[in-house]
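*Asks:* here are the coordinates; sequence isn't available:
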């Protein structure tokens, strides 16, 4: 399968713990996006990378959240000191470039439950 | 900033019925418009997209959407649904001016097709 992959698919953690998610984009895709989806809502943009550079962060991304894409390939999203409000599906998407013709391909998501 | 509204949260219909899902966006400039579908247990997938030109766009699996600029709408239609169209449907927009081409999604419409 050469699509976007995310690991883990499910994560249950206790409030206050740190968690890290990984996203592997489609090979050669230089754009990588993180979105968050809560129950009954559409995905909301969190941040995106152009190669290894993080170019924009949503105000939804508090100081407890950090994302990296160290070599311009896979990306990690870390949440420190998790809160119950962080429970959501975290989606990763990638695209070959930017502009009108480039579709974003989504991964299966990581479902986070904070107890 | 752009926003997207999907007025129907849940739709239930029988096979062979026609489907129309409403989508309205708010943004004063040029937008790109998308419909994504999420089948049970699967990734978000692109159904169709509109960038410019003919406002009637045809997508995969017999779906089509019409962009009506004066109404800020991009409604999705299918003349005759099948049980396999049971899914959640998301309307999304992005703009050339929005950094990174990030997508703004509506809240989604859950469609249940009864056999």
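*Replies:* That came through fine. These numbers were taken from a predicted model, which means no experiment stands behind them.
*Asks:* Would you mind checking the average pLDDT for stretch B:102-115?
*Replies:* This predicted structure assigns stretch B:102-115 an average pLDDT of 95.
*Asks:* ok, and for that stretch, which residues are buried?
*Replies:* Judged by neighbour count using 16 or more other Cβ atoms under 10 Å in any protein chain shown, the buried positions of stretch B:102-115 are B:102-109, B:111, B:113. No exception for glycine: its C-beta is placed from N, CA and C like everyone else's.
*Asks:* starting at the chain centroid, how far to it?
*Replies:* Here the centre of stretch B:102-115 is set off from its chain's centre by 7 Å, with Cα atoms, centre = their mean, to the nearest Å.
*Asks:* Stretch A:17-29 now?
*Replies:* Centroid displacement of stretch A:17-29 relative to its chain, using Cα atoms, centre = their mean, is 7 Å.
*Asks:* residues in chain A within reach of chain B, list them.
*Replies:* A:3-4, A:31, A:33, A:35, A:40-45, A:48, A:50, A:55-56, A:91, A:93, A:95, A:98-104, A:106-109 (Cβ under 8 Å from any Cβ of the partner chain).
*Asks:* Would you check that residue B:77 makes contact with residue B:59?
*Replies:* No: here residue B:77 does not reach residue B:59: they are 10.3 Å apart, not a contact under Cβ atoms under 8 Å.
*Asks:* Please enumerate the shared neighbours of those two.
*Replies:* Where contact means Cβ atoms under 8 Å, 6 or more residues apart in numbering or on different chains, the residues bridging residue B:77 and residue B:59 through contact with each are residue B:65.
*Asks:* do you know how far the residue lying closest to residue A:40 once chain neighbours are set aside is from residue A:91?
*Replies:* The spatial neighbour of residue A:40 that comes closest, neighbours along the chain excluded (Cβ to Cβ, 6 or more residues apart in numbering or on different chains), is residue B:107 at 6.9 Å. When Cβ to Cβ, to the nearest Å is the yardstick, residue B:107 and residue A:91 sit 15 Å from each other.
*Asks:* Equivalent analysis for residue B:75, please.
*Replies:* Look at residue B:75 and residue A:91: by Cβ to Cβ, they are 25 Å apart.
*Asks:* Compare those two (neighbour count), which wins?
*Replies:* residue A:91 (24 against 18; other Cβ atoms under 10 Å in any protein chain shown).
*Asks:* Can you spell out which residues form a bridge with the more buried one?
*Replies:* Beta-bridge pairing for residue A:91 (DSSP bridges): residue A:35.
*Asks:* Pretty sure it sits against residue A:109.
*Replies:* Yes: between residue A:91 and residue A:109 there is a contact at 4.7 Å, judged by Cβ under 8 Å.
*Asks:* Okay then, goodbye and thanks.
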